[in-house]
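Undergrad: only geometry, no sequence info:
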């Protein structure tokens, strides 16, 4: 079956009734399942996780956009997180038999309908980029207020679909396709935040570290530790154990040790099996040897 | 849902049409799925793996026993593997919401019907034992030929259900309940089989090693290695990584290193996640964080 995970980020993190109404769009649509939602009052933002078919997720998102258009006005929105639209960003992640090409197609289909039916301008990012691959911070630079002005004078900043002006209250949305991201944090037995900062700098791709790793240092000294907080954006290419081993080795150079680690949110099964396989030096191991995977597969073929 | 895995061992490993007929019993029964089957001509034995509800697995097994009674005569059976019945041994393993008590109940229900309907005497082993826990080798000691005589004079060797004499051609069956077993082999970079023997002796429970581990040495020198072949009979209590670490440490004492390892057949998801969790020092990690587990659970609740 071809299903996708999507992670819509809406610019509303304070009014519970609006958040509920957005969630209900994904709960009520046949073929769509709401897996999770989180919201943050300071960020004034909510992050939903839903899975489903392309068709179901597009229908649910269009309904959610209608609610967001009615309820959210970017001119009056304040919050600590960067944002440029009422639906700010939404990536499609391929699951099961779906490919990255399928996810790109789904993002493009949603974007076209958002413009055709709701006059929301759309930008594409990551794998769904038109032309050279673009990342979210490039597109969102200046936030709603800055981008609204930039599109008037800079053709390179105009939407991929619709526009050129942003929607006066909704702003514009960034849609894309990417692999599942694993949020992986490693805690170090020290109170010296500078060590976490140095390790984050050495591990992240952008400053010469590991490919597919984004990292920052987080102050968790209240817990007696400091944290290297990582987003692993391609755990097939750069597995979790590689990030762990890298951080542990760097920590040793600083004379500190790893206390523990955590995975925040969801992680693909294959990523966890890759860790176990390496740890046990398994040869020839296949996901179908996992009893539950086999049962799920056989159950479907009945 | 309460389902079970069963692993029926039949004393037929040479006639493909008989093996096929036995497999078909589990394939054709509604509510039962045949996951796997293996046979060995030298052992003259086949090992099936099926999953299903208690009712479906009992019906399928009674049908298979009728075929085995017609086709297999223990008086004329020869093969390298110990055996005492046409259906020699069959454990129930609890899956999903089923408990060990449920598995014991299923084994007892099957045993009663095998005697009532087919006059096959039955012994219970492992968790399904009546009274003190008995293991398969104790019950099967002397094979069909020896046990057939022993029951005439030794009350302690008589069947738990039916008998006291064995069935003249079918023999008797051993039914039981146990946790899933993980077949885990570690290969060492040496041609000295005595080192594998010494490590197998040190790791196995019966000679003072790790609880829940059975181990023998296997000559794989044709592949440039020797093998420590283990059955891990309770990977919740004694995880796979503990067996791996033990063997690796013992190997180091002998001056040799681990080449690689393998898992033969099926392994529970929780056992693999336990390896990954320890390797990454994860705290607070839960199986529900695995995307596929979450999808399977949510899918069921639709």
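TA: Right, received. Where do you want to start? None of the values given here were measured: they were computed from a predicted structure.
Undergrad: can you tell me what sits against whichever helix or strand residue A:49 is part of?
TA: Secondary structure assigned from DSSP states H and E places residue A:49 in strand A:45-52. Residues outside strand A:45-52 that contact it (C-beta atoms under 8 Å, 6 or more residues apart in numbering or on different chains) are A:3-13, A:19, A:22-23, A:26, A:29, A:31-40, A:57, A:60, A:79, A:81, A:83, A:88, A:95, A:265-266, B:295, B:298. For every residue, glycine as well, the C-beta is placed using N, CA and C.
Undergrad: let's see 6 Å
TA: A:3, A:5-13, A:19, A:26, A:31-39, A:79, A:81 (C-beta atoms under 6 Å, 6 or more residues apart in numbering or on different chains).
Undergrad: my reading is that residue A:174 is in a strand; is that accurate?
TA: Yes - applying DSSP: H, G, I helix; E, B strand; the rest coil, one finds residue A:174 inside a strand.
Undergrad: quick revisit: which among the contacts of strand A:45-52 end up buried?
TA: For the contacts of strand A:45-52, a burial check counting by 16 or more other C-beta atoms under 10 Å in any protein chain shown picks out A:3, A:5-13, A:19, A:26, A:32-35, A:37, A:39, A:79.
Undergrad: tell me the helix or strand right after the strand holding residue A:49.
TA: helix A:54-71.
Undergrad: buried stuff in that following helix?
TA: Applying 16+ other C-beta under 10 Å to helix A:54-71 flags A:54, A:56-65, A:67-69, A:71 as buried.
Undergrad: how distant is it from the center of its chain?
TA: 18 Å (C-alpha atoms, centre = their mean, to the nearest Å).
Undergrad: over to stretch A:165-184?
TA: That offset, for stretch A:165-184, works out to 9 Å (C-alpha atoms, centre = their mean).
Undergrad: do the same with stretch A:80-90
TA: 12 Å.
Undergrad: over to stretch A:181-201?
TA: On C-alpha atoms, centre = their mean, the centre of stretch A:181-201 falls 21 Å from that of its chain.
Undergrad: got the residues of the stretch 101-250 of chain A near chain B?
TA: residue A:244 (C-beta under 6 Å from any C-beta of the partner chain).
Undergrad: and the strands in the stretch 101-250 of chain A?
TA: Assigned by DSSP state E, counting those that start in this stretch, the strands in the stretch 101-250 of chain A fall at A:122-126, A:173-177, A:182-188, A:213-218, A:226-232.
Undergrad: can you put those in JSON lines and add mean neighbour count and mean pLDDT?
TA: Shown next, in JSON lines, are these (neighbours: other C-beta atoms under 10 Å in any protein chain shown; pLDDT from 0 to 100):
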{"stretch": "strand A:122-126", "mean neighbour count": "25", "mean pLDDT": "95"}
{"stretch": "strand A:173-177", "mean neighbour count": "27", "mean pLDDT": "96"}
{"stretch": "strand A:182-188", "mean neighbour count": "22", "mean pLDDT": "94"}
{"stretch": "strand A:213-218", "mean neighbour count": "19", "mean pLDDT": "92"}
{"stretch": "strand A:226-232", "mean neighbour count": "24", "mean pLDDT": "93"}
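Undergrad: of those, which is nearest residue B:153?
TA: strand A:182-188 (64.9 Å; C-beta to C-beta).
Undergrad: and the closest one, what does it pack against?
TA: On a contact count with 3 or more C-beta pairs under 6 Å, 6 or more residues apart in numbering or on different chains; DSSP states H and E, strand A:182-188 meets strand A:226-232, helix A:240-253, strand A:258-264.
Undergrad: which helix or strand contains the closest residue to residue A:288 other than its chain neighbours?
TA: The shortest distance from residue A:288 to any non-neighbouring residue, by C-beta to C-beta, 6 or more residues apart in numbering or on different chains, is to residue A:294 (5.8 Å). Using DSSP H and E, residue A:294 sits within helix A:291-300.
Undergrad: just to revisit the earlier point, ok, the strand holding residue A:49: who's next to it in the sheet?
TA: strand A:2-6 (antiparallel), strand A:9-10 (antiparallel), strand A:32-40 (antiparallel) (DSSP bridges).
Undergrad: okay, residue A:301: pLDDT?
TA: For residue A:301, the model assigns a pLDDT of 37.
Undergrad: before we move on, what about residue A:63?
TA: 98.
Undergrad: that one: what's it in contact with?
TA: Residue A:63 touches residue A:25, counting by C-beta under 6 Å, 6+ apart.
Undergrad: same check on residue A:184?
TA: Contacts of residue A:184 by C-beta under 6 Å, 6+ apart are A:230, A:232, A:240, A:263.
Undergrad: what number of residues lie near the last one?
TA: Read that as residue A:263. 24 (other C-beta atoms under 10 Å in any protein chain shown).
Undergrad: got a list of what it touches?
TA: Contacts of residue A:263 (C-beta under 6 Å, 6+ apart): A:184, B:285.
Undergrad: what's opposite it in the beta bridge?
TA: Going by DSSP bridges, residue A:263 forms beta bridges with residue A:184.
Undergrad: stretch A:105-122: which residues count as buried?
TA: Neighbour-count burial for stretch A:105-122 [16+ other C-beta under 10 Å]: A:105-108, A:110-111, A:113-115, A:118, A:120-122.
Undergrad: cool, stretch A:194-211 as well?
TA: For stretch A:194-211, by 16+ other C-beta under 10 Å, it's A:195, A:196, A:197, A:198, A:199, A:200, A:201, A:202, A:203, A:204, A:209, A:210.
Undergrad: need these in JSON lines (columns: pLDDT).
TA: Formatted as JSON lines, these follow (pLDDT from 0 to 100):
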{"residue": "A:195", "pLDDT": "97"}
{"residue": "A:196", "pLDDT": "96"}
{"residue": "A:197", "pLDDT": "96"}
{"residue": "A:198", "pLDDT": "97"}
{"residue": "A:199", "pLDDT": "98"}
{"residue": "A:200", "pLDDT": "96"}
{"residue": "A:201", "pLDDT": "97"}
{"residue": "A:202", "pLDDT": "97"}
{"residue": "A:203", "pLDDT": "97"}
{"residue": "A:204", "pLDDT": "95"}
{"residue": "A:209", "pLDDT": "95"}
{"residue": "A:210", "pLDDT": "97"}
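Undergrad: export those residues to JSON lines and append columns for distance to residue B:188.
TA: Output for the buried residues of stretch A:194-211, formatted as JSON lines (distance: C-beta to C-beta, whole Å):
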{"residue": "A:195", "distance to residue B:188": "39"}
{"residue": "A:196", "distance to residue B:188": "40"}
{"residue": "A:197", "distance to residue B:188": "43"}
{"residue": "A:198", "distance to residue B:188": "40"}
{"residue": "A:199", "distance to residue B:188": "36"}
{"residue": "A:200", "distance to residue B:188": "40"}
{"residue": "A:201", "distance to residue B:188": "41"}
{"residue": "A:202", "distance to residue B:188": "36"}
{"residue": "A:203", "distance to residue B:188": "35"}
{"residue": "A:204", "distance to residue B:188": "39"}
{"residue": "A:209", "distance to residue B:188": "36"}
{"residue": "A:210", "distance to residue B:188": "32"}
